[in-house]
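*Asks:* I'd like to go over a predicted model; first the sequence, then the structure.
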Amino acid sequence: MIIQCRIAVQLAIFLLALAGSSFGQANQNESVRIKTMLGQVEVRSGTAAKWQGARVGQPVKSGMDVRTLIESDAELAFQTGTVIKVGENSLVTIDKAFISKAGDVGNTNVKVGTGQVWANVKKLANAQSKFEFETPTATASIRGTQLGITVGKSGTAIDVYKGRVDVRPTGANRTISVTNRQRAIVEYGSKEVKLQSFDDKTATEGFKPPEEQFAGDTTINRDSTAAHADTGKAPADTAKAHADSSKQAADTAGVGRSGAAADTAKSAAAGTEAKTPPLFLNVTNMIDNMEVAASEIELDVEVSDGAKFSVNGREGQARVTLISGPNTITVRAWDNFNHSMEKTFNIIYKVPKGLVLTIASPQDGMQISDPMIPVAGSTTPGAKVTVNGAQVPVDAGGMFNYRMPIPDEAQDYQISIVAVLRDENMNQDRTVTYVRKKEPLTLTITSPLDGSIIRQKALRVNGKTSGGAAVTVNSRPAVVSTSGIFSSEIQLSERDIGDYALEIAATSGDQDMDRTIRVTVDVASPEINISAPELSVQGHGVPATRNGSFILQAIDRTPDDQVTVTVENNGSKDEYALESGGRETYSLEEGMNRYTIRARDKAGNQSNAISGQIYYLPGPLVIDIIEPTDNSIDIQDLPPLPKNASSPSLHVHIEISDGIHSVPESIKYCKIIGNGGEVLLRDNKDYTFDGTLTLGRGSNAFTIQVEDLAGNIQTKRLDVTIR
C-alpha cells in the first residue's frame, strides 16, 4: 500500500551572472506573467494582507503568492520560456525569479504550498543555473523537464514525463534521480524516496497531468489543460481531493507563508464562497524609471468598472507635479469588495536642454494579440510627435498615449516614433509581433446573482467576457473594456416589478453565447414603486345611513402591489389588506361614527385621507304619546263658545324612541298633520317634542309623523272628538 504523501515543492530558477562574477552583482528580475486563467485566481504580494483578483498578463514578481480556488486554474509564463500550470485549489509562491543581465544564468525559486502543478521547464543554459521545486519534505532540482507535482494529505508525488529530476527529502543528504515515467513519493516527515513507474498513455509533449495519485488519495484523471475548457469544471472527485489537500496544507508549517496556505485551505473548504469581480489597475503611459521633460504630467489610469483610484493619495486626480530629479508616484485602486492594489513608479524629471523622447510602450519585440498597438511615452513640452507619419496628441506636459490600429493579420509590424521641436528631431523604432489569438468565447455574470432581490432603481449588470467581444443586456449594448470587463445600467420602473429577466449575450466573430439571469424587482422598494394607491369609500359624504357598513376599495396601478387600508373610527383602529381593486366591507357602529380612512402600499406610498362623520341609524322609530294620556279622546258637554272666541286647543307631548338612546340630535323632525294643516312640534333635544293642536267640534283626526337623519319615518294616529 502506497501512503499518500505531502510535499510542498519549491520551484526555483537561478540565472547566475557571467563567469567570474557573483550572481547578486549582475542580476535582474525575470519577467513572470499570468499567461492564462480560468475561474477565480488571486494574487498577493509578500507584504500585503489581502488577496486581489488576478488578470491575464499580470506580472508576478518575486515574493508574490498565486492561488486558485475551486474549478479554477492558471498558467504562469517565465521570460526564459518555462511554463507552470497551477491546478485548482492550489497555492504557489514565486519566492524569487532572477536572470543575469547577460541573460545566460538564472535563479528562480517557486514554492508550492498545496494542490497540483505541472511544469514544462526549458533546458537550463549552463551548470550555473538552477531550477528547483521545494516542499517541507523534499527538494526537486530540475534541468529541463516535463513533470507534475501533487501535494496530498500525507506527502507529495512527483511524476516525471520527460527528462530528469533530482529529489532530496527535507533534512536528508542523499539525492535520488527520477527519470521518464517514474513517480517519486516522499511521505510527510520521511527522509526516504519511494520510486514507482507509471504508464503515461499520452504523448510526451506539453503538460501531462498524472493519471492517478498514490494510494489513499482520490483518483484524479485529467489528461491535459483542456480538461477545464472542455468540461467547465473539474470532476467532483478532484474537488474533494483538493479540499482534503487544502485542509492538510493549513496544518503545514514552513510552506510558503503559513497564512497563505491557511487562506487557500479556507477558500477551498468553503467552495461556495461568493465570487466578486476582480480589481484591475493599469497605467498605460508610464514605466518605472522613466525620464520626463515636464514638471507636470497626466497619468493615463485604467481601473475596473466601479473602482476608484488615487495618485499619491489624491483620489481621482491623475495630474502630478514633479520636482527636479527622482520622483515617486504611487497609484492605488480599490473597489466596494475590499479589494485594493497599488503600483509605484520612479519617475525622473530632467529640465530639458533640448529635445528628448522616451517611449513607455511598446517594448521592442513585444508580442500582442490586440490589433491596436499601444504607443505611449514622453517628449519635451511643445514638441510634435508622429507615429508612422500620423501626428498624435501630446498634452501640455509632453505625455502622449496613442493606440495605433493594424490589420488583423499575424505578422511583425515596424513602428517609427518621431518627435520634432523647432529644428531638432529624434526618433525611436520598435518592432511588434501581432499574433491573432482566437480563444473560446466566455461569458461570466458577476452581478446581480440569479434570484437576487432588486431594490434600487438603477440595476447594474457586471461581468466578464473575452477581450474584443461585444455584449448586450436586454438587447442594449453594454460598455466593454479591452480586457472584457463589461457593465450596463438598466433603469427600472413600476412595470418591471416582480419577476424580471436579464438576457445577456456576448458575440465575438462567429461565436456567440448568452446567459439569462432572473431577479425579483421588489414591490416594497420606495425607489421603484412610486405610485400611491387611490382610495374610495362607498357611503362616505352622507350625514346618516340605515345601511350599517362602508364599502372600501383601493386601486394601485403598480403590478403585484398590496394595499393596507386603515380605518380609525371613534378611537378604534382596524386594518385590511387588499389586492389592487379589491373590496372590503367595514361595519359601522350604531349611532355616531367619526372616522378617518387611509391606504398605503408595500412601498409606504400613502393615499388621500378620507374623513367625516356619519350616523348609523338602523331604525325603526317608536312614537309614544305622553299627553294626552288617552287616544282616542272624547270630549262631551262643551258649552257653546262666545262669538269671536278662539277655537279650543289641546297640548300634545310626544316621546320618540330610536333604539339607540344616545343621539337625540339624529331626529330630523316631529310634526302633526290634520284639520287642514300641520304643526311642527318643538324639539326638546331629549327625544321629546311639544306642541298645541287647534280643535274643532266634531271629530278631529291627526297623524303624528317623525323622521330621523337616515330617512327612517314613523307615523301614529291621534283622534280627538268634541261633542
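*Replies:* Received, thanks.
*Asks:* Any regions of this structure where pLDDT drops low?
*Replies:* Applying pLDDT under 70 to the chain flags the ranges 1-27, 46-49, 103, 153, 199-276, 437-438, 637-646.
*Asks:* and with 50 instead?
*Replies:* Within the chain, the ranges that satisfy pLDDT under 50 run 1-26, 200-274.
*Asks:* Show me where it has its helices.
*Replies:* 226-231, 236-250, 258-270 (DSSP state H).
*Asks:* How about residue 123: what's its closest non-neighbour residue?
*Replies:* Setting aside the residues directly before and after it, residue 123 is nearest to residue 144 in space (C-beta to C-beta, 6 or more residues apart in numbering), at 3.1 Å. To be clear about C-beta, it is placed using only N, CA and C from the backbone, and glycine gets the same treatment.
*Asks:* if I pick the one you found, what's in contact with it?
*Replies:* 121, 122, 123, 124, 163 (C-beta atoms under 8 Å, 6 or more residues apart in numbering).
*Asks:* Buried ones among these?
*Replies:* Buried members of the contacts of residue 144, counted by 16 or more other C-beta atoms under 10 Å: 121, 122, 124, 163.
*Asks:* List just the nearest of those residues to residue 620.
*Replies:* Among the buried ones among the contacts of residue 144, residue 121 lies closest to residue 620 (C-beta to C-beta), at 108.1 Å.
*Asks:* And that closest one, how close does it get to residue 81?
*Replies:* 9 Å (C-beta to C-beta, to the nearest Å).
*Asks:* try residue 532
*Replies:* For residue 532, the distance to residue 81 - C-beta to C-beta - is 70 Å.
*Asks:* who has more neighbours, the two?
*Replies:* Counted by other C-beta atoms under 10 Å, residue 532 and residue 81 do not tie: residue 532 has more neighbours, with 19 against 10.
*Asks:* pretty sure that one contacts residue 602?
*Replies:* No. Shown here, residue 532 and residue 602 do not form a contact pair, counting by C-beta atoms under 8 Å, at 11.9 Å.
*Asks:* Centroid-nearest residue for this structure?
*Replies:* residue 447 (4.1 Å; C-alpha atoms, centre = their mean).
*Asks:* Can you tell me, leaving aside adjacent residues, what's nearest to that one?
*Replies:* residue 462 (4.8 Å).
*Asks:* What of residue 36?
*Replies:* With C-beta to C-beta, 6+ apart, the residue lying closest to residue 36 is residue 75, at 4.6 Å.
*Asks:* do residue 569 as well
*Replies:* Going by C-beta to C-beta, 6+ apart, residue 569 has residue 595 as its nearest residue, at 4.3 Å.
*Asks:* isn't that neighbour right next to residue 616, touching?
*Replies:* No. Contact between residue 595 and residue 616 fails when scored by C-beta under 8 Å: they sit 11.0 Å apart.
*Asks:* quick one: contacts for the residue nearest to residue 569?
*Replies:* Taking C-beta under 8 Å, 6+ apart, one finds 567, 568, 569, 570, 611, 612, 613, 614 in contact with residue 595.
*Asks:* any idea how far residue 591 is from the fifth one?
*Replies:* Counting by C-beta to C-beta, the separation of residue 611 from residue 591 is 18 Å.
*Asks:* ok, those two, which is more surrounded?
*Replies:* residue 591 (16 against 11).
*Asks:* so that one touches residue 662, yeah?
*Replies:* Yes. Residue 591 is in contact with residue 662 according to C-beta under 8 Å; the separation is 5.1 Å.
*Asks:* what do the two both touch?
*Replies:* Common neighbours of residue 591 and residue 662 (C-beta under 8 Å, 6+ apart) do not exist.
*Asks:* Do you have the strands of the stretch 501-650 of the chain handy? List them.
*Replies:* 511-521, 534-538, 544-545, 549-555, 562-569, 572-579, 583-587, 591-600, 610-616, 622-627, 633-635, 649-657 (DSSP state E, counting those that start in this stretch).
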